[in-house]
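**Q** okay, sequence plus prediction incoming.
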Amino acid sequence: MKIVFMGTPAFAVPTLRQLCEVGMAPAVVYAQPPRKQGRGLKLIQPPTACAAEDPKIPVRQPAVLQQRAELTFLKQLAPDLIVTAAYGKIFRRRLLALPRLGCINLHPSLLPRYRGLSPIPWAILRGDPLTGVTVYRMTEGVDSGPVLLQRAVEILPNDTGGSLGSKLAIYGAQLICQAVRGLADGKLHGVEQNPEAASYAPRLQRQDGLLDWRLPATQVERMVRAFDPWPGTYCYLRKARVKILAVSVVDEIPRRVAPGTILSADGKHPPVIAALPGSVMLRKVQPENSRLQDGASFCCGHRVTEGERLLPRPTHPGSVGHA
């Protein structure tokens, strides 16, 4: 079977590798073009393009996929199947109809729940006990095509967006290979999704990581886990931005203090911060222009005192940031 694989981030790499390991190596890999990253703005290849180097699979990285030259190339290649995993492009009808067996996609949720670009963090953020992976036949709608295969995966209490994504990528790779075999044998047929059960997971923006201490303590903890590694969570102590990397819920007791108030900061233990209701302990943080550190070290190094507040914006010069 002649397969074209399309995927860009690390989530797609296990699928590419699994296809190669089971004797279904793609004829060509499509990935997004390299992007400038870091302080030096060096061009960095996406993970799938790097993963294709070892098995020496040709890589194509057009800025526009559905241009005439690319469609002509694919038509001449005549693939039996296009397999995608987080490629990052919308397919139009002409491309969808090109492969003999159509186009299938790996999506990290149990469709029709969490259609869209950010299903993994939203599942954690909303406290779901389960999520999963779905392989579906692509149509012109967003994540709305017939479901071919699904597998449920438990969301553990310590799962972050990154750790859960890694697990789903591995399970998804296995599911893709199973789907390819089923399509090749003609034994796999899709089941239409129920549109009334659909929910959406919109794209996250960097500013979505701003912590709102007016949330309950349990929701603050979920937010920190869900947005790790992207977009990350943060707030401000005085004039400095502080990344919040790990917290734990202390209690859910309502308090008569402003949200974000530092309830304890003795320098020996991680600081405890008031939410609404409840409180959380800051276990790992990274202050602006500083290294990652535990909460107690943060208190000592920045002379954090009880009664100060972590705020959604930097305080003005002369303000001490107290409640």
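**A** All right, it came through fine.
**Q** so what's the residue count around Asp251?
**A** For Asp251, the tally of surrounding residues (other C-beta atoms under 10 Å) stands at 13. Every C-beta, even on glycine, is put in place using the N, C-alpha and C of the backbone.
**Q** give me the phi and psi for it.
**A** phi -160, psi 180 (degrees, to the nearest 10).
**Q** please determine how far the spatially closest residue to Glu252 that is not a sequence neighbour is located from Arg214.
**A** Among residues not flanking Glu252 along the chain, Gly278 sits closest, at 3.9 Å (C-beta to C-beta, 6 or more residues apart in numbering). Gly278 is 11 Å from Arg214, where distance means C-beta to C-beta, to the nearest Å.
**Q** more crowded one of the two?
**A** Counted by other C-beta under 10 Å, Gly278 and Arg214 do not tie: Gly278 has more neighbours, with 21 against 13.
**Q** and after the lowest-mean-pLDDT helix or strand in the chain, which helix or strand comes next?
**A** When the helices and strands of the chain are compared on mean pLDDT, DSSP states H and E, strand 35-37 comes out lowest with a mean of 86. Heading C-terminal from strand 35-37, the first helix or strand you meet, by DSSP states H and E, is strand 42-44.
**Q** packing partners for that next one?
**A** strand 35-37 (3 or more C-beta pairs under 8 Å, 6 or more residues apart in numbering; DSSP states H and E).
**Q** pull the residues that contact the strand it packs on.
**A** Strand 35-37 has contacts (C-beta atoms under 8 Å, 6 or more residues apart in numbering) with Lys42, Leu43, Ile44, Pro46.
**Q** where in the stretch 201-323 of the chain is pLDDT low?
**A** 316-323 (pLDDT under 70).
**Q** determine how far stretch 221-228 lies from the middle of the whole chain.
**A** Between the centre of stretch 221-228 and the centre of its chain there are 11 Å (C-alpha atoms, centre = their mean, to the nearest Å).
**Q** and the contacts of it?
**A** Under C-beta under 8 Å, 6+ apart, the answer for stretch 221-228 is 120-127, 158-162, 204, 208-209, 211, 215, 233, 244-249, 280.
**Q** quick check: buried residues in the longest helix that the chain contains?
**A** Taking DSSP state H as the criterion, the chain has its longest helix at helix 161-185. Going by neighbour count (16 or more other C-beta atoms under 10 Å), the buried part of helix 161-185 is 161, 163-165, 167-169, 171-180, 183.
**Q** so after that helix, what's the next helix or strand?
**A** strand 200-201.
**Q** remind me what that following strand packs against, helices and strands.
**A** strand 115-116, helix 119-125.
**Q** let's see that with 6 Å instead.
**A** Strand 200-201 sits against strand 115-116, with contacts defined as 3 or more C-beta pairs under 6 Å, 6 or more residues apart in numbering; DSSP states H and E.
**Q** packing partners for the strand it packs on?
**A** Identification of packing neighbours for strand 115-116 by 3+ C-beta pairs under 6 Å, 6+ apart yields strand 200-201.
**Q** which residues are contacting the strand it packs on?
**A** Residues outside strand 200-201 that contact it (C-beta atoms under 6 Å, 6 or more residues apart in numbering): Tyr114, Arg115, Gly116, Ser118, Pro119, Trp122.
**Q** in its sheet, what does it sit against?
**A** Applying DSSP bridges, strand 200-201 is found paired with strand 115-116 (parallel).
**Q** the spatially closest residue to Asn105 that is not a sequence neighbour bridge partners, please.
**A** Of all residues beyond its chain neighbours, the one nearest Asn105 is Thr84 (4.6 Å), with distances taken as C-beta to C-beta, 6+ apart. Here Thr84 sits in beta bridges with Met6, Asn105, going by DSSP bridges.
**Q** for the stretch of helix or strand Leu16 belongs to, name the packing helices and strands.
**A** Here Leu16 is covered by helix 13-21, with elements defined by DSSP H and E. In terms of contacts (3+ C-beta pairs under 6 Å, 6+ apart), helix 13-21 is packed against helix 47-51, helix 161-185.
**Q** where along the chain do the helices fall?
**A** 13-21, 47-51, 68-77, 93-96, 119-125, 161-185, 217-226, 295-301.
**Q** want to throw the ones you listed into JSON lines with distance to Gly260?
**A** What follows is the helices of the chain, written out as JSON lines (distance: least, C-beta to C-beta, whole Å):
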{"stretch": "helix 13-21", "distance to Gly260": "39"}
{"stretch": "helix 47-51", "distance to Gly260": "37"}
{"stretch": "helix 68-77", "distance to Gly260": "50"}
{"stretch": "helix 93-96", "distance to Gly260": "49"}
{"stretch": "helix 119-125", "distance to Gly260": "19"}
{"stretch": "helix 161-185", "distance to Gly260": "23"}
{"stretch": "helix 217-226", "distance to Gly260": "10"}
{"stretch": "helix 295-301", "distance to Gly260": "15"}
